[in-house]
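Chemist: coordinates only, sequence not included:
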């Protein structure tokens, strides 16, 4: 069993009757650390009976819930790898993930049917993988196999004894080439990053957090789930599974002390009626995209708690730096690098730059992945000769060691923490029979920080409105990827050599407004 699962379950000996997980609602479900241990042991055996074990790939197509937690921890405890799925994806996007990760077993929600009409159900019609659903029977999580797949019966039962080097989690991250890259993270990567979160915010068993972030996102898995459990504290799942106006009711009723979320989520919280005056919030963590100083001040004024902006990325198993809970906080920066992270600012050749010199942020440490999955070309570009990972973010370190991010080198749209490949959007738009050219890019957005915009050129004689193109796109890609603004133009601005520069196109289009 990997150290991360062992350390979580070790709290059963110290605080056996304290809750590890709470599902809020009219009839709240509370799972103690003792119960969690027994449920994970039981579910691990169910997975093994289904032919799942060390090296197996499981796609978790579950919403935020205790079932997700039990399934995730049980899987990595027996040495399997988990690939969480965003249920907002379309059929073709789901099929790409299942094929790319060579999934052995898909675990869906209780209402999953292979004959159903959901995007997930349609993606399960064909493929060599097994399909199942997970439901709660009142005492434990139950695995219900709907269709068998290529998994073979295991010869070795029981938890994997030495699991720290196992690939515990694999996620897709967008790339500038448009093809999502697989990020394999070892159990040791997750442990190092989650421990950094615990240490940075001094998490203790008496802390409780309400989980806002989705568990198909590294932010949710590491900072929202694993860090609290490693500290012996409790994770509260909102009644409706995500951020909703009942947030403060859940927060107060279950004695939560903090939360972590993107700036977009923070703005949504500001739009809700304020919490009761007696609500005690120890701190608020903001991460996954830049938080403006204006919003930071609004949050602190409204919630009477320090707001700590952090910096993270999937390839580092999340947490890289944060403004400190104790000591100076600098709005506009993402704080100080974690002690286990060797963070440098480098030039194009990988050379180290000095104080206040702007360059690319590069990192090295126990939480950094070893390389993209089956992608040697990307790995050759992503790492320097001495092993630093190039983040693709531009920034500088000031004289006090605080990191200021000044831009992104990679051409990605950061929509409220969700990284979207502009090139992927180009390719989808170009599949429309009326489009001859297409360029997607980031545009400013008050809620998300950035949103997707696109400029298109129609084929001769064709007519197409932005609204009808957006409607067509909604059937091809997830709604959050559909451009919020589309310009139909006669030509796309290009350089003298015929290259398209997205920043130039974005600037030109925005000037047309």
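Modeler: Cool, got the structure. Treat the numbers as computed from the prediction; the structure is a model and nothing was measured.
Chemist: separation between the closest residue to residue 65 other than its chain neighbours and residue 244?
Modeler: Of all residues not flanking residue 65 in the chain, residue 237 sits nearest, at 6.1 Å (Cβ to Cβ, 6 or more residues apart in numbering). For the C-beta atoms, the positions are set from N, CA and C on the backbone; glycine is no exception. Using Cβ to Cβ, to the nearest Å, residue 237 is found at 12 Å from residue 244.
Chemist: ok, residue 429 next?
Modeler: On the measure of Cβ to Cβ, residue 429 and residue 244 end up 33 Å apart.
Chemist: who has more neighbours out of the two?
Modeler: With neighbours defined as other Cβ atoms under 10 Å, residue 429 and residue 244 compare such that residue 429 has more, 23 against 14.
Chemist: just grab the bridge partners of the nearest residue to that one once chain neighbours are set aside for me.
Modeler: Sequence neighbours aside, residue 438 is the residue nearest to residue 429 in space, at 3.9 Å (criterion: Cβ to Cβ, 6+ apart). Beta-bridge partners recorded for residue 438 (DSSP bridges): residue 456.
Chemist: wouldn't residue 438 be in contact with residue 431 here?
Modeler: No: Residue 438 lies out of contact with residue 431 (Cβ atoms under 8 Å); the separation is 9.5 Å.
Chemist: quick check: domain ranges of the protein?
Modeler: Following automatic domain parsing, one finds the domains of the chain at 3-382, 412-511.
Chemist: okay, those, which one's buried deepest?
Modeler: Comparing these by mean neighbour count (mean count of other Cβ atoms under 10 Å), domain 3-382 ranks first with a mean of 19.
Chemist: just to revisit the earlier point, check what pLDDT the residue nearest to residue 65 gets.
Modeler: On pLDDT, residue 237 comes in at 98.
Chemist: from what I see, it and residue 22 are in contact.
Modeler: Yes: counting by Cβ under 8 Å, residue 237 does reach residue 22; the two are 6.8 Å apart.
Chemist: identify the residue nearest the geometric centre of the chain.
Modeler: residue 217 (1.8 Å; Cα atoms, centre = their mean).
Chemist: check contacts around that residue.
Modeler: Applying Cβ atoms under 8 Å, 6 or more residues apart in numbering to residue 217 gives the contacts 288, 417-418.
Chemist: measure residue 55 to residue 106 for me?
Modeler: For residue 55, the distance to residue 106 - Cβ to Cβ - is 17 Å.
Chemist: wait, residue 399
Modeler: 51 Å.
Chemist: try residue 116
Modeler: Residue 116 sits 13 Å away from residue 106, going by Cβ to Cβ.
Chemist: repeat that for residue 98.
Modeler: Applying Cβ to Cβ to residue 98 and residue 106 gives a distance of 7 Å.
Chemist: okay, and the common contacts of these two?
Modeler: Common neighbours of residue 98 and residue 106 (criterion: Cβ under 8 Å, 6+ apart): 59, 129.
Chemist: for residue 275, what is the enclosing helix or strand?
Modeler: Here residue 275, judged by DSSP states H and E, is contained in no helix and no strand.
Chemist: what segments of the stretch 151-300 of the chain are helices?
Modeler: Assigned by DSSP state H, counting those that start in this stretch, the helices in the stretch 151-300 of the chain fall at 187-200, 218, 227-230, 247-253, 263-271, 293-303.
Chemist: before we move on, what about the stretch 1-150 of the chain?
Modeler: 3-9, 11-14, 33-49, 66-77, 91-100, 119-123.
Chemist: could the helices of the stretch 151-300 of the chain go into JSON lines alongside mean pLDDT and distance to residue 83?
Modeler: Shown next, in JSON lines, are those (pLDDT from 0 to 100; distance: least, Cβ to Cβ, whole Å):
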{"stretch": "helix 187-200", "mean pLDDT": "98", "distance to residue 83": "14"}
{"stretch": "helix 218", "mean pLDDT": "96", "distance to residue 83": "12"}
{"stretch": "helix 227-230", "mean pLDDT": "99", "distance to residue 83": "20"}
{"stretch": "helix 247-253", "mean pLDDT": "96", "distance to residue 83": "29"}
{"stretch": "helix 263-271", "mean pLDDT": "93", "distance to residue 83": "24"}
{"stretch": "helix 293-303", "mean pLDDT": "93", "distance to residue 83": "33"}
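Chemist: and the helices in the stretch 301-450 of the chain?
Modeler: Under DSSP H, counting those that start in this stretch, the stretch 301-450 of the chain gives helices at 376-382, 422-429.
Chemist: what's the average pLDDT for the first one?
Modeler: When you say that, I think you mean helix 376-382. 95.
Chemist: now it: how far from the chain's centre is it?
Modeler: Relative to its parent chain, helix 376-382 has a centroid offset of 22 Å by Cα atoms, centre = their mean, to the nearest Å.
Chemist: got it, and the last one?
Modeler: Averaged C-alpha coordinates place helix 422-429 at 21 Å from its chain's average position (Cα atoms, centre = their mean).
Chemist: I'd say residue 470 and residue 479 touch.
Modeler: No: checked against Cβ under 8 Å, the pair residue 470 and residue 479 is beyond contact range at 9.8 Å.
Chemist: circling back to that earlier point, possible to save the domains of the chain as a markdown table with distance to residue 403?
Modeler: Formatted as a markdown table, the domains of the chain follow (distance: least, Cβ to Cβ, whole Å):
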| stretch | distance to residue 403 |
| --- | --- |
| domain 3-382 | 5 |
| domain 412-511 | 17 |
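Chemist: picking that back up, got the helices of the stretch 301-450 of the chain as JSON lines, with distance to residue 46 columns?
Modeler: What follows is the helices of the stretch 301-450 of the chain, written out as JSON lines (distance: least, Cβ to Cβ, whole Å):
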{"stretch": "helix 376-382", "distance to residue 46": "36"}
{"stretch": "helix 422-429", "distance to residue 46": "37"}
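Chemist: mind checking which of those helices is nearest residue 276?
Modeler: helix 422-429 (43.1 Å; Cβ to Cβ).
Chemist: which neighbouring elements make contact with the closest one?
Modeler: strand 435-445, strand 449-458, helix 466-474 (3 or more Cβ pairs under 8 Å, 6 or more residues apart in numbering; DSSP states H and E).
Chemist: quick one: residue 90 from residue 83, how far?
Modeler: Distance of residue 90 to residue 83, computed by Cβ to Cβ: 17 Å.
Chemist: nope, residue 209 is what I was after
Modeler: From residue 209 to residue 83 the distance is 25 Å (Cβ to Cβ).
Chemist: what's the spacing between residue 123 and residue 208?
Modeler: In this view, residue 123 and residue 208 are 36 Å apart by Cβ to Cβ.
Chemist: again with residue 267
Modeler: Residue 267 is 23 Å from residue 208, by Cβ to Cβ.
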